[in-house]
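K.L.:
fold the following for me, if possible:
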Amino acid sequence: QALELVKSAVGRMCKGAMQDFAVLNAEPFDPFDVSRPTAEPALWAALVVRLATRGFAASPLNGEVNQKLAKYASDIRKIAQSFVEEDPARRIGFANYWLLEEWNCDRQRKKDGQEELYESCLLILLEHFLKELDAKDRWLAAFVADLPALPLAAVERIESLCLNKATMPLGFAILRDIAISRPPSRQAVSESLLKMTKAKDGLLRRGAITTARAWVGVNSPLEAAVLGYARASLQCLVQGRKGEDDEELKKEPKEGVLENGAVEDGKGENGTVEDEEVEMEEGEEDAKDPATTWVPLDVLRYLELSFALCVKVPDLLDEIFAAYPQMSSDNRSSLEKHIAPLVSSMGPSNPKLQSLLRNFPAGADSLALSVFRVLSEKGRSPALVALVKGLVAERNVDPRFLVPIMPDLNKVSVDGRYKARMIH
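P.N.:
Next up, the predicted model:
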């Protein structure tokens, strides 16, 4: 009866404590100074949390008593949970205080071989928060920032915000803060976010790229990881095989097909494969293998991060040009098409583009020609005309380089070498 009375009192405390616990913590005060109007709610909050985490903790008594204590502690946690969920924006201070206590007590629970409760309590609250969250809310970021620890399961739930168009900006903002301010969670968050830079959904992909690009050029601890991932994606195009983290390779196998591609129920009575089994012709399996099948969108997915980083790290353009001759013809054609927006944004006066057009590697003529065509669409600057004339004079380049500047060549003294190349 005494314990029931305590539980009932806790319920009334939570119902009556309508003040925001975060506001109570906004300025220093002595919670035991009962002369202050803010002391009573703060004491209630501390009492509720301590009863759940310590007051009803397991004791050396018999198992029956421990079960009753655990039940009362669980009931109080449910009351506290309901209290937070009624108005999470104003009660995240109470939630953070509660979770901090659970985290502290987990260290003793672990030593005693008892169940740790911090993660489960956090995940329950997060599940509710994410369901009720409005895209304009900012309190979730403050809640996450004040957590004593961030388990992987909690990170995965926060990542789900990025999959919703309305909450995508908030999700990326929280992940960015986690990656920078929480070193233990940095690798998991960065790996997940970098994987999103190759997502099929364009909005998700561009949001992830924008977030990752912010880590480059500012001495961020994640700069090397971002650049490394961009280079690895480029190598996937060279090798003709998609990365293991590609979403296409994570799809469930079709019904009746095992993970290794074998068909179920294709065995005879003795367990051997029937003679009439039709074998797949050589090359057919590779043609249908999603890991080696590329469409133009796939090429863009694997290049777009590198394109976005070229503005901050111009040397990546050198690597793109160097990789181009080693790609399949289809992937080369896609690259020529997808690089156009980047080239257009950099403009004809960009020194890196001018250097690449002047010194592009062997086998990259078609890519250089595509770049030159984009640059000459808005007009042929004297610098571009001089560059092409120099290429023709110094290197055995494709005669199509001369086509865009033909009007300019007609206005100057042109020797027979230029005319011969154009006629050829």
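K.L.:
low-confidence stretches in the stretch 251-400 of the chain?
P.N.:
Applying pLDDT under 70 to the stretch 251-400 of the chain flags residues 251-287, 379, 397-399.
K.L.:
repeat for the stretch 1-150 of the chain
P.N.:
Looking at the stretch 1-150 of the chain by pLDDT under 70, you get 1-43, 57-65.
K.L.:
please, where are all the helices along it?
P.N.:
2-16, 21-24, 39-50, 63-86, 88-111, 118-132, 139-145 (DSSP state H, counting those that start in this stretch).
K.L.:
same for the last one, what does it pack against?
P.N.:
Secondary structure elements in contact with helix 139-145, counted by 3 or more CB pairs under 8 Å, 6 or more residues apart in numbering; DSSP states H and E, are helix 88-111, helix 168-181. Where C-beta positions appear, they are placed from N, C-alpha and C, glycine not excepted.
K.L.:
what about 10 Å?
P.N.:
helix 21-24, helix 88-111, helix 118-132, helix 152-159, helix 168-181 (3 or more CB pairs under 10 Å, 6 or more residues apart in numbering; DSSP states H and E).
K.L.:
turn those into a markdown table, including mean neighbour count and distance to residue 192.
P.N.:
Output for the helices and strands packed on helix 139-145, formatted as a markdown table (neighbours: other CB atoms under 10 Å; distance: least, CB to CB, whole Å):
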| stretch | mean neighbour count | distance to residue 192 |
| --- | --- | --- |
| helix 21-24 | 18 | 29 |
| helix 88-111 | 19 | 23 |
| helix 118-132 | 17 | 16 |
| helix 152-159 | 17 | 6 |
| helix 168-181 | 19 | 8 |
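K.L.:
looking at the ones you listed, which is nearest to residue 190?
P.N.:
Nearest of the helices and strands packed on helix 139-145 to residue 190, taken as CB to CB: helix 168-181 at 5.5 Å.
K.L.:
could I get the buried residue list for the following helix or strand past that closest one?
P.N.:
For helix 168-181, the following helix or strand on the C-terminal side (DSSP states H and E) is helix 183-196. By 16 or more other CB atoms under 10 Å, the buried positions in helix 183-196 come out as 185, 186, 188, 189, 190, 192, 193, 194, 195, 196.
K.L.:
what of stretch 239-246?
P.N.:
Buried positions in stretch 239-246, judged by neighbour count with 16+ other CB under 10 Å: 240, 242, 243, 246.
K.L.:
before we move on, the earlier item: CSV for the helices and strands packed on helix 139-145, including distance to residue 368?
P.N.:
Converted to CSV, the helices and strands packed on helix 139-145 look like this (distance: least, CB to CB, whole Å):
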stretch, distance to residue 368
helix 21-24, 59
helix 88-111, 56
helix 118-132, 49
helix 152-159, 40
helix 168-181, 35
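K.L.:
for residue 235, which of the ones you listed is the nearest?
P.N.:
helix 168-181 (24.0 Å).
K.L.:
and that closest one, what does it pack onto?
P.N.:
helix 139-145, helix 152-159, helix 183-196, helix 202-213.
K.L.:
out of those helices, flag the one nearest residue 74.
P.N.:
Between residue 74 and these, the shortest separation by CB to CB is 20.3 Å, and it involves helix 152-159.
K.L.:
OK, contacts around the spatially most central residue of the chain?
P.N.:
Centroid-nearest residue in the chain, with CA atoms, centre = their mean: residue 193, separated by 1.4 Å. Neighbouring residues of residue 193 by CB atoms under 10 Å, 6 or more residues apart in numbering: 159, 162, 171-172, 175-176, 178-179, 207-209, 211-212, 215, 222, 225-226, 229.
K.L.:
recalculate using a threshold of 8 Å.
P.N.:
Applying CB atoms under 8 Å, 6 or more residues apart in numbering to residue 193 gives the contacts 172, 175, 179, 208, 211, 212.
K.L.:
just name the closest of the residues you listed to residue 76, please.
P.N.:
Looking across those and measuring by CB to CB, the closest to residue 76 is residue 175, at 32.9 Å.
K.L.:
quick one: contacts for the closest one?
P.N.:
155, 158, 159, 162, 189, 192, 193, 211.
K.L.:
where exactly do the helices run in the stretch 301-424 of the chain?
P.N.:
315-323, 329-338, 340-346, 351-359, 365-376, 382-394, 406-410, 416-423.
K.L.:
farthest pair in the contacts of residue 193?
P.N.:
Largest separation among those by CB to CB: 179 and 208, giving 11.9 Å.
K.L.:
nearest to residue 347 among the contacts of residue 175?
P.N.:
Using CB to CB, these come closest to residue 347 at residue 211, 25.8 Å.
K.L.:
which one of the buried residues of stretch 239-246 is nearest residue 333?
P.N.:
residue 240 (14.3 Å).
K.L.:
distance check, the closest one against residue 197.
P.N.:
Separation of residue 240 from residue 197 (CB to CB, to the nearest Å): 20 Å.
K.L.:
cool, residue 46 as well?
P.N.:
Distance, residue 46 to residue 197, by CB to CB: 45 Å.
K.L.:
could you do residue 135 as well?
P.N.:
For residue 135 relative to residue 197 (CB to CB), the value is 22 Å.
K.L.:
higher neighbour count, the two?
P.N.:
residue 197 (26 against 13; other CB atoms under 10 Å).
K.L.:
where does that one fall, phi/psi-wise?
P.N.:
phi -70, psi -10 (degrees, to the nearest 10).
K.L.:
with the one 3 residues further on instead?
P.N.:
For residue 200, the backbone dihedrals are phi -70, psi -30 (criterion: degrees, to the nearest 10).
K.L.:
how near is it to residue 297?
P.N.:
Distance from residue 200 to residue 297, by CB to CB: 7 Å.
K.L.:
check residue 308 too.
P.N.:
Distance from residue 308 to residue 297, by CB to CB: 17 Å.
K.L.:
so what's residue 417 scoring on pLDDT?
P.N.:
At residue 417, the model reports a pLDDT of 50.
K.L.:
what secondary structure does residue 245 sit in?
P.N.:
Under DSSP: H, G, I helix; E, B strand; the rest coil, residue 245 falls in the coil class.
K.L.:
now the host helix or strand of residue 237: buried residues?
P.N.:
Element membership for residue 237, per DSSP H and E: helix 223-239. For helix 223-239, the neighbour count (16+ other CB under 10 Å) marks 223, 225, 226, 227, 229, 230, 231, 233, 234, 236, 237 as buried.
K.L.:
got the contact list for that helix?
P.N.:
So helix 223-239 is contacted by 190, 194, 197-198, 212-213, 215-217, 242-243, 294, 299, 302-303, 305-306, 309, 313, 316, 319-320, 323, 326-327, 331, 335 (CB under 8 Å, 6+ apart).
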